[in-house]
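Chemist: predicted coordinates and the sequence they were generated for:
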Amino acid sequence: MTSNDVSNNLPAGYEPPKVWTWEPGNGGKFANINRPTAGATHDKTLPVGKHPLQLYSLATPNGIKVSILLEELLAAGHSDAEYDAWLIEISGDQFGSDFVNINPNSKIPALTDHAPKDGGEPIHLFESASILTYLAEKFDSQFISKNTRERAEVLNWLFWQMASAPFMGGGFGHFYTYAPIKIKYAIDRYSLETKRLFDVLDRRLADSRFIAGTEYSIADMAAWPWFGEMTLGNLYEGAAEFLTLSDYKNVNRWAQEIAERPAVQRGRKVNRTWGAPSEQLHERHDASDFDTKTADKTT
């Protein structure tokens, strides 16, 4: 049997047609919201709170990057970084008209700054790296550095993470956790790439306390929700053991150090709707909400 024998394909005998056509509801956890077109599916007005910064998100690895940065900015003394965080359920909220106006790609997180530095109209932001960079620069280059060389290194690793996420989430995470069937080829392919990425990070952290150097930065905040949470066993159940992530000693050291930061602990609770009720803060409008409005205190 040759490697291109169609009987090896899944389903057996499958061959790609000359022209692909969409088959709705083809399985998987998110099949009911997947579609090959963009744009709004319904009219929906987004709420706006009392603070200039309005975050619309969900506590996925990409979502908590921004809430972690905002909590770190507040902890660093930037009181103007106060924000409202509104829950966007990705079962369909991301296709509402107001959300699509902020992010035409219909992905969380999205953020609107109603008080930009130039004093003009509100600025809409989407893509987590864009939001992180914008906020870091807005608040006196905190967590990104004003030094040209240091800033370049932060951006190198920030965009490395952005390039890594599709392999880890859309690739490994999807086929290991969410796909309706287990496909060995797909899991092997994305496991290989995920472990290679962990090795890249582990080698970097062998020579550096943080990803971009000696200082904690938005590069760490972008990478930790993916690499750190997976290392600590909080992302894709069983993945840490399956990929033997305990082998990456430097990543483990870094992951634990960042997990112990109070601002990170707060940020990962924002817009969370699963897990322990004490770890869920569905909306965030004031720092006191962490003490009074987590799910264990409101249900």
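Modeler: The structure has been received and is ready for your questions.
Chemist: check the burial of Ile108 by counting its neighbours.
Modeler: Burial of Ile108 is recorded as 25 neighbouring residues (other Cβ atoms under 10 Å). (Each C-beta comes from the backbone N, C-alpha and C, glycine too.)
Chemist: likewise the one 4 residues further on?
Modeler: Using other Cβ under 10 Å, Thr112 is surrounded by 20 other residues.
Chemist: residues contacting Ile258?
Modeler: 216, 220, 224, 228, 264 (Cβ atoms under 8 Å, 6 or more residues apart in numbering).
Chemist: okay, the residues you listed in TSV with pLDDT next?
Modeler: Converted to TSV, these look like this (pLDDT from 0 to 100):
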residue	pLDDT
Tyr216	98
Asp220	98
Trp224	98
Gly228	98
Val264	98
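Chemist: middle-most residue in this structure, spatially?
Modeler: Central residue of the chain (Cα atoms, centre = their mean): Asn62, 1.0 Å from the mean position.
Chemist: which ones are touching it?
Modeler: With Cβ under 8 Å, 6+ apart, Asn62 has these contacts: 107-109, 128, 165, 225.
Chemist: just the closest of these to Asn9, please.
Modeler: Using Cβ to Cβ, Ala165 comes nearest to Asn9 of these, at 28.3 Å.
Chemist: in space, what's closest to the closest one - neighbours in sequence excluded?
Modeler: Trp226 (6.1 Å; Cβ to Cβ, 6 or more residues apart in numbering).
Chemist: the one you found falls within a helix, correct?
Modeler: Yes: assigned with DSSP: H, G, I helix; E, B strand; the rest coil, Trp226 falls within a helix.
Chemist: residues near Lys249, how many?
Modeler: 11.
Chemist: still on that earlier bit, among the contacts of Ile258, give me the pair with the biggest separation.
Modeler: Tyr216 and Gly228, at 12.6 Å, using Cβ to Cβ across those.
Chemist: picking that back up, show the buried residues in the contacts of Ile258.
Modeler: The neighbour-count criterion (16 or more other Cβ atoms under 10 Å) marks 216, 220, 224, 228, 264 among the contacts of Ile258 as buried.
Chemist: dump the residue contacts of the residue nearest to the first one when sequence neighbours are not counted.
Modeler: It stands for Tyr216. When the adjacent residues along the chain are set aside, Tyr216 lies closest to Phe210, with 5.2 Å between them (Cβ to Cβ, 6+ apart). Phe210 is in contact with 216-217, 219-220, 254, counting by Cβ under 8 Å, 6+ apart.
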